[in-house]
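Asks: this is a predicted model, with the sequence first.
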Amino acid sequence: MYDVIVIGSGPGGYVAAIRSAQLGMKTALIEKYATLGGTCLNVGCIPSKALLDSSEHFHNATHTFEKHGIEVENPKVNLKQMMERKDEVISQTCDGVKFLMDKNKIDVIHGIGTFLDSNTIEVLSDEKKKTKIEGKNIIIATGSKPNYFPGMEPDKKRIITSTEALKMKEIPGKLLVIGAGVIGLELGSVYKRLGSQVEVIEFAKQILPTMDISIGKDFAKILKKDGFKFHMEHRVQSVKNNGKKVLVKALNKKGVEVEIEGDYCLVAVGRKPFTEGLNLKGAGVDANDRGQIIVNENLQTNVPNIYAIGDVVRGAMLAHKAEEEGVYVAEFISGQKPHINHNLIPGVVYTWPEIAAVGKTEQELIEDNVEFKSGSFPIRALGRARASMDINGMIKILADKTTDEILGVHMIAPRAADLIMEAVTAMEYRASAEDLARICHPHPTYTEAIKEAALSATENRPLHI
Ligand code: FAD
Ligand code: NAI
């Protein structure tokens, strides 16, 4: 009898297993694939960032080196080598998780986990071997998979999802992307930098539609300058692979049908929770009509000894959110009183410049009738930005009009993925914009834009503009 059985070894599952073992609970982890780490390590965060970094080096070699006074003759992409390096990064990272499981004495069982009842899981291995294990507590961390709508079913050849886009054998001449969300812009950026023409077809009015309105507007300008083409407010009707090309048919905002042809089409319209094979009914666990397992504020399902975390439950589909929930559940099971502030889970888009945000957007504050003030500062006004030739972007701080508490921070900036943590820390301690404005920031750094945006939000008193 295990104290805790975790199903799924993504960032939610493997972290839940480590924390459970740290707290002295006998723990098993079930994973259907041969490697640990889930979507994030195998076909998500890690491979996409490896290709984003490689392609950014190539972009710099072809676009900025000369201005820096570095002459490199005719740089070329070796896609096979780029993919091999990415694969090495994946396997080193997955091996790291295996090491952590061994170190924490967690039993890892490979195979598809299926509920027989609320305490018993049967694991079916690739070799069709069945193992039955029992647990006092079970944590479902089975993640998500790519979503698509009727007419855009991926054939995984030319109509592809992010998984295939991370393993391309050729650089597309022209890549069509359906969805100007996180995957569309990150993987679109990879192939744009490697030389593809990239055309994005998006249903909403602006790119990254769930982020602060200023992000979508400003970032679209930057991407257009880089050569991205956008078809906004287009409703995709069908995508066809005719062997050598793909043809997307979409209705534009006037209802007129347009045809867009390319070599590949990346379908990036969101992800959906993955529960196939689990036999939720066998355990009596409820899911909603979107396929998400229903959980209460303690991530507990309607069956009290079964918990669910990460992409398979409500909330942002992010690795760090899944990790926080993994720790929460392990601590809750062991009798502690943990805490997660879901409002302060930062979101990052790893384009260049990067985009990062935490807290409320301007649209949300307006909708909630919260009176707020806003201060922003352009990256180009920083000495650090001119030194590195990364002048695009801005940082915007939204603060409560009366109390000055910071309510949201939104940025397009070099290294925004790292910069955002200053805002998260400040907001976790409920700092005011004035608090941030009075902290000494090192010069020259991109962090100075946070101080300046805070100065601008308090009494409109930025120093360097
Ligand atoms: P997953 O990582 O999906 O893991 C679930 C695991 O459960 C899988 O290994 C699966 O095989 C296993 N499983 C499922 N069913 C069973 C079963 N019945 N039996 C046994 N095993 C089972 N997030 C970020 O925060 N930052 C990023 O930069 C980022 N980049 C991304 C890039 C891409 C291209 C994609 C697709 C996603 C990205 N994400 C990123 C999202 C991130 O990958 C997910 O939010 C995260 O992996 C969710 O973790 P999880 O533990 O809930 O599930
Ligand atoms: P997304 O939700 O970010 O973006 C989907 C986009 O597709 C939206 O802009 C939406 O308006 C558009 N869309 C939806 N239906 C459409 C249609 N019929 N026609 C045209 N456009 C349509 O989803 P995405 O990019 O697929 O990513 C999935 C998840 O993976 C995200 O929720 C994200 O959290 C996670 N992820 C996170 C990353 C990160 O943290 N850096 C990187 C990649 C993925």
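Replies: That came in fine, so what should we check first? Numbering: from 1, shown residues only. Ligands and ions are numbered 1, 2, ... in the order given.

Asks: quick one: contacts for the residue in the stretch 151-300 of the chain that ligand 2 sits nearest to?
Replies: Distance from ligand 2 to each residue of the stretch 151-300 of the chain (CB to the nearest ligand atom) is smallest for G181, at 1.7 Å. Where C-beta positions appear, they are placed from N, C-alpha and C, glycine not excepted. For G181, the contact set (CB atoms under 8 Å, 6 or more residues apart in numbering) comprises 208-210, 268-270.

Asks: the helices in the stretch 151-300 of the chain, which residues?
Replies: 162-165, 182-193, 213-225, 280-283 (DSSP state H, counting those that start in this stretch).

Asks: mean neighbour count for the ones you listed - can I get that in TSV?
Replies: Listed next are the helices of the stretch 151-300 of the chain as TSV, based on neighbours: other CB atoms under 10 Å:
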stretch	mean neighbour count
helix 162-165	21
helix 182-193	24
helix 213-225	17
helix 280-283	17
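
Asks: what would these look like in JSON lines with distance to D126?
Replies: Converted to JSON lines, the helices of the stretch 151-300 of the chain look like this (distance: least, CB to CB, whole Å):
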{"stretch": "helix 162-165", "distance to D126": "19"}
{"stretch": "helix 182-193", "distance to D126": "29"}
{"stretch": "helix 213-225", "distance to D126": "42"}
{"stretch": "helix 280-283", "distance to D126": "22"}
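
Asks: turn the ones you listed into CSV, including distance to ligand 1 and mean pLDDT.
Replies: Shown next, in CSV, are the helices of the stretch 151-300 of the chain (distance: least, CB to the nearest ligand atom, whole Å; pLDDT from 0 to 100):
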stretch, distance to ligand 1, mean pLDDT
helix 162-165, 4, 98
helix 182-193, 5, 98
helix 213-225, 17, 97
helix 280-283, 10, 96
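
Asks: of all these, which one is nearest Q237?
Replies: helix 182-193 (18.2 Å; CB to CB).

Asks: and that closest one, how far from the chain's centre?
Replies: 13 Å (CA atoms, centre = their mean, to the nearest Å).

Asks: could you name the helices and strands sitting against that helix?
Replies: Helix 182-193 is packed against helix 45-63, helix 162-165, strand 174-178, strand 197-201, strand 264-267, strand 347-349, with contacts defined by 3 or more CB pairs under 8 Å, 6 or more residues apart in numbering; DSSP states H and E.

Asks: so which bits of stretch 278-292 are buried?
Replies: 278-280, 283, 285, 287, 292 (16 or more other CB atoms under 10 Å).

Asks: so what does V6 have for phi and psi?
Replies: Phi and psi for V6, reported as degrees, to the nearest 10, are phi -110, psi 130.

Asks: output the helices and strands packed on helix 182-193 as a markdown table; include the columns distance to P378.
Replies: What follows is the helices and strands packed on helix 182-193, written out as a markdown table (distance: least, CB to CB, whole Å):
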| stretch | distance to P378 |
| --- | --- |
| helix 45-63 | 21 |
| helix 162-165 | 32 |
| strand 174-178 | 28 |
| strand 197-201 | 25 |
| strand 264-267 | 32 |
| strand 347-349 | 19 |
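
Asks: select, out of those, the one closest to I379.
Replies: strand 347-349 (15.6 Å).

Asks: any residue of the next helix or strand along the chain from the closest one touching ligand 2?
Replies: Next along the chain after strand 347-349, taking DSSP states H and E as the criterion, comes strand 354-359. No - using CB under 6 Å from any ligand atom, strand 354-359 stays clear of ligand 2, coming no nearer than 8.9 Å.

Asks: which non-adjacent residue is nearest K245?
Replies: Using CB to CB, 6 or more residues apart in numbering and skipping the chain neighbours, the partner closest in space to K245 is E261 (5.5 Å).

Asks: which residues pair with that neighbour across the strands?
Replies: Beta-bridge pairing of E261 under DSSP bridges involves L247.

Asks: how about the residue of the stretch 251-400 of the chain found nearest ligand 1, phi and psi?
Replies: In the stretch 251-400 of the chain, the residue that lies nearest ligand 1 is G310 (2.2 Å; CB to the nearest ligand atom). Note on G310: backbone dihedrals following degrees, to the nearest 10 are phi 80, psi -150.

Asks: okay, now it: neighbour count?
Replies: Neighbour count of G310, defined by other CB atoms under 10 Å: 34.

Asks: report the contact partners of it.
Replies: With contact taken as CB under 8 Å, 6+ apart, G310 is in contact with 8, 10-13, 141, 143, 321-322, 325-326.

Asks: and stretch 293-312, does that touch ligand 2?
Replies: No - applying CB under 6 Å from any ligand atom, one finds stretch 293-312 out of contact with ligand 2, separated by at least 8.0 Å.

Asks: pLDDT at the residue of the stretch 251-400 of the chain closest to ligand 1, what is it?
Replies: Per-residue confidence (pLDDT) for G310: 98.

Asks: one more: F149?
Replies: We have a pLDDT of 96 for F149.

Asks: I'd like to know how many residues surround it.
Replies: Look at F149: counted by other CB under 10 Å, it has 14 neighbours.

Asks: got it, and Q300?
Replies: By other CB under 10 Å, neighbour count at Q300 equals 18.

Asks: residues contacting the closest residue to ligand 1 within the stretch 51-200 of the chain?
Replies: In the stretch 51-200 of the chain, the residue that lies nearest ligand 1 is G143 (2.0 Å; CB to the nearest ligand atom). Contacts for G143 were tallied using CB under 8 Å, 6+ apart; they are 8, 10, 12, 38-39, 273-274, 310-312, 322.

Asks: quick revisit: between all of the buried residues of stretch 278-292, which two are separated the most?
Replies: Farthest pair in the buried residues of stretch 278-292 (CB to CB) is N279 and Q292. Separation: 17.0 Å.
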